[in-house]
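1. got a sequence here, can you build the structure:
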Amino acid sequence: MRFQSVQIAHVAYDLPPDSGIVTSLQLEERLSPLYDRLNLHAGRIELMSGIRERRFYPPGTRPSTIATRAGERALQGAKKVGIDRGSIGQLIFSSVCRDFLEPASASVVHDALGLPATAMSFDLSNACLGFANSMALAASLIESRAIDSALVVAGEDGGPLCEGTMRALLAPDITRKDLKRAVASLTIGSGGAAMVLAHESVLPKTDAAGAPFPHLTTATQRSATEHNQLCQGDHSEGGAMLMNTDSEALLQAGVALAKETWDAFRQESGWDADQVERVITHQVGTAHRRALLDGVGLAPVKDHPTVEFLGNIGSVSLPITYALARETGFASPEHSTALLGIGSGLNCSMLALENR
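-> Sure, this is the predicted structure:
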């Protein structure tokens, strides 16, 4: 998909407080009965994933609450450049975590943010790729002039998954193989993200700081759904959310799909690796990051890693990392920036942001 007139008006995020920080060593201390029985040493989670800590919200925090906080910040930022919440034409709730099966969590966020009755709202769920997919869908609606602006939100809380996994791993019959397929669940973190996208005709030339608004110009999608069994999560018989992941196979299949998507993305965007000034990746782990960047031929210095201190935060990994890269000055609207997203299933999406 190619877009001519879609810009990012504002991107915002929400993170759990510092009191919600949980280190990998803290998790392993709780798993000491299992580690002792299997003769394992603490430090393996960080060694395998590169993740030293992640954050969790207080128990009972709803995904819609997280998404609403991020959404309000995005709306406040967009208001400063002339986009009022009353003009939002679409709300998409895009995270893995949801309040309930029915109704759509988007309806809770829509009500909490006071969006107009004319704004469509629904959930779009696609594992860790939901936010990127939602950006592409919103851009299509804006490009066609069906709407002038859209709000994409997501709220992920990995706390319940981590807790359920910890309890399951302390069962007396857990093996090394069981632990290996559960480790990915212990890398999950939490956070919320929101983005307002708008048609260039309803935005000023620059933001309040005098910077241009980045154009979303390309969205390339590819799938390899024959690998849908490599990472599957669902409620257990006891009601806890558990996830079964073949991390090594997922890494290999994911990088292969990323290479295929990258080739198509380069053709659609007209970019080559040298023209990409900044890259934002879905943050899974340090090994995944290295393999992905090496696979598509991008230098690590162009990337902005966050996985070491945020963990894998699902669908919000990409937008939060982008927002932090903007906040720290690592990335700016003037940079040609590639957003590289991938989600279990397998599906891959790559987005191009550039200054025109």
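2. now R222: which helix or strand?
-> Assessed by DSSP states H and E, R222 sits inside strand 215-223.
3. same question, L339
-> With DSSP H and E as criterion, L339 is part of strand 337-343.
4. just the C-alphas of that strand, formatted as CSV.
-> Listed next in CSV are the C-alpha coordinates belonging to strand 337-343 (Å, rounded to 0.1, in the frame of the first residue of the first chain):
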residue,chain,number,x,y,z
THR,A,337,12.4,5.7,9.3
ALA,A,338,11.4,2.1,8.8
LEU,A,339,9.0,0.5,11.2
LEU,A,340,9.5,-3.3,11.2
GLY,A,341,6.8,-5.3,12.8
ILE,A,342,6.2,-9.1,13.1
GLY,A,343,3.7,-11.2,15.0
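5. which intervals of the stretch 101-250 of the chain have sub-threshold pLDDT?
-> 236-241 (pLDDT under 70).
6. can you pull out the strands in it?
-> Counting by DSSP state E, counting those that start in this stretch, the stretch 101-250 of the chain has strands at residues 120-123, 149-157, 190-199, 215-223, 231-235, 241-245.
7. let me know which of those is tucked in deepest.
-> Most buried of the strands of the stretch 101-250 of the chain, by mean neighbour count (mean count of other Cβ atoms under 10 Å): strand 149-157, with a mean of 32. Bear in mind the C-beta positions are built from the backbone N, C-alpha and C, glycine included.
8. now could you export just the CA positions of that one as PDB?
-> Output in PDB follows, covering the C-alpha atoms of strand 149-157 (Å, rounded to 0.1, in the frame of the first residue of the first chain):
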ATOM      1  CA  SER A 149      -8.200  11.600  11.200                       C
ATOM      2  CA  ALA A 150      -8.000   8.400  13.200                       C
ATOM      3  CA  LEU A 151      -6.900   7.300  16.600                       C
ATOM      4  CA  VAL A 152      -5.100   3.900  17.100                       C
ATOM      5  CA  VAL A 153      -4.700   2.700  20.700                       C
ATOM      6  CA  ALA A 154      -3.500  -0.400  22.500                       C
ATOM      7  CA  GLY A 155      -3.000  -1.500  26.100                       C
ATOM      8  CA  GLU A 156      -0.900  -4.500  27.000                       C
ATOM      9  CA  ASP A 157      -0.400  -6.000  30.500                       C
END
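9. counting by contacts, list what that strand packs against.
-> helix 63-79, strand 90-93, helix 105-113, helix 130-143, strand 190-199 (3 or more Cβ pairs under 8 Å, 6 or more residues apart in numbering; DSSP states H and E).
10. tell me which of these is the most buried.
-> The most buried one of these (mean count of other Cβ under 10 Å) is strand 190-199, showing a mean of 30.
11. quick one: strands adjacent to the strand holding L339?
-> strand 278-281 (parallel), strand 347-354 (antiparallel) (DSSP bridges).
12. what's in contact with that strand?
-> Residues from elsewhere that reach strand 337-343 (Cβ atoms under 8 Å, 6 or more residues apart in numbering): 126-132, 214, 254, 257-258, 262, 265, 271, 276-282, 292, 296, 298, 315, 318, 322, 331, 348-354.
13. gap between the closest residue to T61 other than its chain neighbours and G43?
-> Residue nearest to T61 in three dimensions, not counting chain neighbours: D157, with 5.9 Å by Cβ to Cβ, 6 or more residues apart in numbering. Look at D157 and G43: by Cβ to Cβ, to the nearest Å, they are 26 Å apart.
14. cool, thanks, signing off.
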